[in-house]
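In: what shape does this take:
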Amino acid sequence: MRRDQSIVSRSMAHYYPHPCRDPLDVAFCAHARPGMKVLDAGCGGARGCSREAPWEKMYIVGVDRDPAVLENPFCNEKLVCDLSPLPFADASFDLIHCRWVIEHLEDPLRIFREFARVLKPGGRLLALTPNIFHYTTIVARLTPYWFHRWWRRGGQEPFPTYYRANSPRMLCRLCTDAGLHVQRLELIEAPPRYLVRYRLVFLCGVLYERIVNSTPMLNWMRQRILLEATVPPTVASSGSSRLQRKTTLERQNRGIVSSLLV
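Out: Got it, this is the predicted structure:
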């Protein structure tokens, strides 16, 4: 194990001498403020919000269907439950932090509607998820579950994946239907650390990363999607107002996708 970690460290240091900050951590630090109440959706037993944010001054609630969440040291409150229905009142949270969860959702629209319900007006959803058009996702969709277990041997047991919301267009459509305004959608290709145990494959991953990051025309082939979406200010509850709100959201969210995929 130590030898493997040494190989990983040397390879990453050679090809990526400058540290690469996690995009979700950067977004979380930009919006987190002391006193906020944060929902860490699908945090498991070890993951948490960025340590660079004032997390010790926020109240963080971790929820996951995995009982390991009860051992998570980064949450003030921990609950074993599904993401729908969430056991919280409307407008309970300022931020929702969601890392590598959306790809596991069997019914993502139901979850997004719950996110919109428990966020306060102006509250923000921050999520990181794989892009369905990236080679890692394509391989994951084409290979059986036993292959995923073999690849991650020695690590955490992989959860089933559905990839029902893993493109910019899918995410924008879900946000529109859930009543969320997309503020930012960014496609990111990070260093291929997950390939580093096989040197030739790793070098191919490095070459791929260099190519897709060389031009915006190839951003649709990048690995990760960073989503930031907010709950618009409360409006009247009449049917015409709801329709108008959805039409406005659809137009705004479609504009985000169009600008991203030009």
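
In: ranges for the strands of this structure?
Out: Ranges of strands in the chain, per DSSP state E, are 37-41, 59-64, 77-80, 93-99, 119-130, 181-188, 224-230.

In: so which of those strands is nearest residue 259?
Out: Comparison of the strands of the chain against residue 259 by CB to CB identifies strand 181-188 as nearest, at 9.0 Å. For the C-beta atoms, the positions are set from N, CA and C on the backbone; glycine is no exception.

In: how far does that closest one sit from the chain's center?
Out: Distance of strand 181-188 from its chain centroid, counting by CA atoms, centre = their mean, to the nearest Å, is 11 Å.

In: now do that strand: which elements does it pack against?
Out: helix 23-31, helix 168-178, strand 224-230, helix 239-260 (3 or more CB pairs under 8 Å, 6 or more residues apart in numbering; DSSP states H and E).

In: so it versus helix 168-178, what angle?
Out: Taking axes from the mean of the first three to the mean of the last three CA atoms, to 10 degrees, one finds strand 181-188 and helix 168-178 inclined to each other by 160 degrees.

In: so, low pLDDT: which residues of the stretch 1-150 of the chain?
Out: Counting by pLDDT under 70, the stretch 1-150 of the chain contains low-confidence ranges at 1-8, 55, 145-150.

In: once you drop chain neighbours, what's closest to residue 41?
Out: With CB to CB, 6 or more residues apart in numbering as the criterion, residue 41 has its nearest non-adjacent residue at 4.6 Å, and that residue is residue 98.

In: cool, and residue 25?
Out: Residue 25 sits nearest to residue 50 (CB to CB, 6+ apart), 3.7 Å away.

In: surely that neighbour meets residue 30?
Out: No - the pair residue 50 and residue 30 does not pass the contact test of CB atoms under 8 Å, sitting 10.0 Å apart.

In: more neighbours, these two?
Out: The neighbour count for residue 50 versus residue 30, taken as other CB atoms under 10 Å, is higher for residue 50 (18 against 11).

In: can you pull the contacts of that one?
Out: Residue 50 makes contact with 22, 24-26, 28-29, 32, according to CB atoms under 8 Å, 6 or more residues apart in numbering.

In: with residue 183 instead?
Out: By CB under 8 Å, 6+ apart, the contact list for residue 183 reads 124, 228-230.

In: distance to residue 202 and neighbour count added to those, as JSON lines?
Out: Shown next, in JSON lines, are these (distance: CB to CB, whole Å; neighbours: other CB atoms under 10 Å):
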{"residue": "124", "distance to residue 202": "35", "neighbour count": "25"}
{"residue": "228", "distance to residue 202": "31", "neighbour count": "19"}
{"residue": "229", "distance to residue 202": "34", "neighbour count": "30"}
{"residue": "230", "distance to residue 202": "38", "neighbour count": "20"}
